[in-house]
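Engineer: After the sequence you'll find the predicted model.
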Amino acid sequence: MATQNLFNAQGERIAIVSGLRTPFVQRDGAFKSSYATDLGTMVTNELLSHVEIERHHIEQLVFGQVIQQPDIPNPAREIALALNMPYLQSYTLSSSCLSGLQAVANIAGSIISGTISAGIAGGTDSISNAPFSISPRVVHKLKAIFKASTIEKKFALFREFSWRDLKPHGVNLKDYMTQMSVAEISEQMAQEYHLSRAEQDEFARYSHEKAVNAWKIGVLKGEVMPSFPLPYTDAVISDTIIPSANKMKYYDKFSTILGKSYATVTEANMPRPVDGAAAVMLMRENQVKELGLKPLGYIRSYSIIGNDIWHNMFMGATVASSQALDRARVSLKDMDYIDIHETSASQMLVNLRLFESNEFAKNQLNRTACLGEIDQDKLNHLGGSIAFGNPRAATSLRILIQSLNALKRKGGGMSLIASSGLGGLGAAMVLESE
């Protein structure tokens, strides 16, 4: 595989100048009165305030969103307008939990092509304000009632309704093609790889322990902004972490989601859906120097892939990691940190095995040897999505910001970040800091 060329025509690297996120807050909690667009506006405004540059330097804004509001089809544009940046090119994309990394890749591509010198990539989602809908069958019935020529015909059509017809449907967080939920896919992987519930619960517990400790020692404070959501009465300064979840007895009270005798996946060994937003600023290398800025780091390589959805849908993190490492001409052992989105405990445990599997490497990755064993001290060392929650489009940006800040504190190095997602999607990036 050829080395990926992430330089512009002048040989400049793509710098990540700064990154910031809101706290990740439990559903119907402190962010319940804020739409995803409000959260995206909040974090973008704060990011721009953190970096000492004039706003006209920003030439493109790309935001990811998974749970979309029908009345706000392009949140990125509304964010630009809310920040009094009407001439800013802005658009929105959706690519499951790796939407944030896709937004970063799009901005990077614009810089490499010479189209722009600087841009902002973001992700925002609000499960609290997920839209409700009614089925197409009900819509057609209502249309027929309105078109009926007489009151009698209207009444006869109305009598065909049942209470079930009129029940609103919440957002469908299942994979569209397979109609499988994250829990069902995770259970499928757990069964194939013979993962016990105890293994998954222990993985989840450790994720919480690391996140609780990270907040205790204050390392996340600089990358999580104090937020003042509507109605502006209270500040939100930290993630909704469950302190008791770092004890094994917490997990005993949860029933399995599928309710089968063999089932192992519970709400406790998966990330909770939460509200949150994140944004990062990217810039060509020489402009960073010209403006006197100190970047968090640089993008060495990336890979965004699709894989089979019927079998091991969440193996995308491993497949994309293989490509990203190859494109950067580095190996797993060269990484100082490895941050992978925890779609579920079973997804993580399976992917850890796939990293070590020579058979998988030969059959799926076109490699002669496996990627290698992941050092557990390097993996999600400040906690993962099971602890922080999963605000869909913002999740992959959390791991990017978290990983780069960790490298900066270390004094430089390289890290691998990766994510799997519904639809059989996967993304990975090799990041470097100096």
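Structural biologist: Happy to help now that I have it.
Engineer: Show me where the stretch 101-250 of the chain has its strands.
Structural biologist: For the stretch 101-250 of the chain, the strands defined by DSSP state E, counting those that start in this stretch occupy 118-125.
Engineer: any weak-confidence spans in it?
Structural biologist: Low-confidence segments of the stretch 101-250 of the chain (pLDDT under 70): 166, 169-170.
Engineer: which residues in it form helices?
Structural biologist: Here the stretch 101-250 of the chain has its helices, by DSSP state H, counting those that start in this stretch, at 136-147, 151-158, 163-166, 182-192, 197-217.
Engineer: Could you dump the ones you listed into JSON lines and include distance to P391?
Structural biologist: (C-beta placed from N, C-alpha, C; glycine too.) Compiled in JSON lines, these are given as follows (distance: least, C-beta to C-beta, whole Å):
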{"stretch": "helix 136-147", "distance to P391": "29"}
{"stretch": "helix 151-158", "distance to P391": "40"}
{"stretch": "helix 163-166", "distance to P391": "31"}
{"stretch": "helix 182-192", "distance to P391": "14"}
{"stretch": "helix 197-217", "distance to P391": "15"}
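Engineer: Redo the ones you listed as a markdown table? Include distance to S94 and mean neighbour count.
Structural biologist: Below are these laid out as a markdown table (distance: least, C-beta to C-beta, whole Å; neighbours: other C-beta atoms under 10 Å):
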| stretch | distance to S94 | mean neighbour count |
| --- | --- | --- |
| helix 136-147 | 21 | 12 |
| helix 151-158 | 36 | 12 |
| helix 163-166 | 29 | 9 |
| helix 182-192 | 16 | 21 |
| helix 197-217 | 26 | 19 |
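Engineer: What's the first helix or strand after the helix or strand hosting S420?
Structural biologist: Assigning secondary structure by DSSP states H and E places S420 in strand 413-421. Scanning forward in sequence from strand 413-421 by DSSP H and E, the next helix or strand is strand 425-433.
Engineer: Report the inter-axis angle for that next one versus strand 413-421.
Structural biologist: Counting by axes from the mean of the first three to the mean of the last three C-alpha atoms, to 10 degrees, strand 425-433 lies at 170 degrees to strand 413-421.
Engineer: Please give the centre-to-centre distance between strand 425-433 and its chain.
Structural biologist: Distance of strand 425-433 from the chain centroid (C-alpha atoms, centre = their mean, to the nearest Å) equals 13 Å.
Engineer: any idea of the mean pLDDT in it?
Structural biologist: Across strand 425-433, pLDDT averages out at 98.
Engineer: Who does that strand pair with, and is each partner parallel or antiparallel?
Structural biologist: When pairing is defined by DSSP bridges, strand 425-433 lines up against strand 297-306 (antiparallel), strand 413-421 (antiparallel).
Engineer: one step back: nearest to A393, out of the helices of the stretch 101-250 of the chain?
Structural biologist: Relative to A393, the nearest member of those by C-beta to C-beta is helix 182-192, separated by 15.1 Å.
Engineer: Could you list every helix and strand in contact with that closest one?
Structural biologist: helix 345-356 (3 or more C-beta pairs under 8 Å, 6 or more residues apart in numbering; DSSP states H and E).
Engineer: if we can go back for a sec, got a markdown table for the strands paired with strand 425-433, with mean pLDDT, mean neighbour count and distance to S321 too?
Structural biologist: Shown next, in a markdown table, are these (pLDDT from 0 to 100; neighbours: other C-beta atoms under 10 Å; distance: least, C-beta to C-beta, whole Å):
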| stretch | mean pLDDT | mean neighbour count | distance to S321 |
| --- | --- | --- | --- |
| strand 297-306 | 98 | 21 | 8 |
| strand 413-421 | 98 | 27 | 5 |
